[in-house]
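Q: I'd like to go over a predicted model; first the sequence, then the structure.
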Amino acid sequence: MSCIVCNFEYAKTCDPCQRAGKANDETKGPLTLVPIISEIFSKINFDACGPLPTTPNGNRYLITATCLDPKYPDAVHVPNIGSTSRIEAMIHIFSRMDFPREIQTDQGTSFMSNLVIEFAEKFGIKVNRSLIYYPQRNPAKRFHLTVKRLKNSMY
């Protein structure tokens, strides 16, 4: 029996996994054109998730990143969602993905701070912002649902 089949069989019998389940929200968003990406990790979407249960290291938030082309998600635990924590998380993520040409964030105050803008300018990264009342435009938000579902099945 393959490893994938074993995982599916286990998930079918795991009570916390069944209770966490998938969201039943079937609302469809508007269709938008997706830009053609010629190089992986050239455009990365960032967002913050939390507060979550505190880790032994005192971290309560996640800075999440999703690369648009291979749909690769990544996350880093941080104690707060201030500008310095976000930049440290971005450097940590860039060490695994490489520096992108472009990042997309929401309009959170710490992502719009001068420190983050200077960091992006120093490394030649173009910064795009999601619309204020349209968070679906940032794919990192979808990753939050997965993280929260996993968290609920563990606690």
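A: Great, that's in hand.

Q: any idea how many residues pack against residue 150?
A: 13 (other C-beta atoms under 10 Å). From N, CA and C alone the C-beta is placed, and that goes for glycine too.

Q: state the distance from it to residue 46.
A: 20 Å (C-beta to C-beta, to the nearest Å).

Q: and residue 145, by the same measure?
A: In terms of C-beta to C-beta, residue 145 sits 16 Å off from residue 46.

Q: ok, these two, which is more surrounded?
A: Comparing residue 145 with residue 46 by other C-beta under 10 Å, the one with more neighbours is residue 46, at 24 against 13.

Q: so that one sits in a strand?
A: Yes: secondary structure of residue 46 (DSSP: H, G, I helix; E, B strand; the rest coil): part of a strand.

Q: partners of it in the sheet?
A: residue 65 (DSSP bridges).

Q: one more: residue 75?
A: With DSSP bridges as the rule, residue 75 is bridged to residue 64.

Q: what about it, how many neighbours?
A: The local packing of residue 75 (other C-beta under 10 Å) involves 19 other residues.

Q: how far does stretch 66-80 stretch from one end to the other?
A: With C-alpha to C-alpha, to the nearest Å as the measure, stretch 66-80 spans 20 Å from end to end.

Q: can you pull the buried residues of that stretch?
A: 66, 67, 68, 73, 74, 75, 76, 77, 78, 80 (16 or more other C-beta atoms under 10 Å).

Q: how about stretch 46-61?
A: Buried-residue list, stretch 46-61, by 16+ other C-beta under 10 Å: 46, 47, 48, 49, 50, 59, 61.

Q: helices of this structure, start to end?
A: Per DSSP state H, the chain carries helices over the ranges 3-13, 15-20, 83-97, 114-122, 140-154.

Q: so which residue is dead centre in the chain?
A: Central residue check for the chain by C-alpha atoms, centre = their mean: the C-alpha nearest the mean position is that of residue 64, 2.9 Å away.

Q: and that residue, what does it touch?
A: Neighbouring residues of residue 64 by C-beta atoms under 8 Å, 6 or more residues apart in numbering: 46, 47, 48, 49, 73, 74, 75, 140, 143, 144, 147.

Q: for stretch 96-106, buried residues please.
A: 97, 100, 102, 103, 104, 105, 106.
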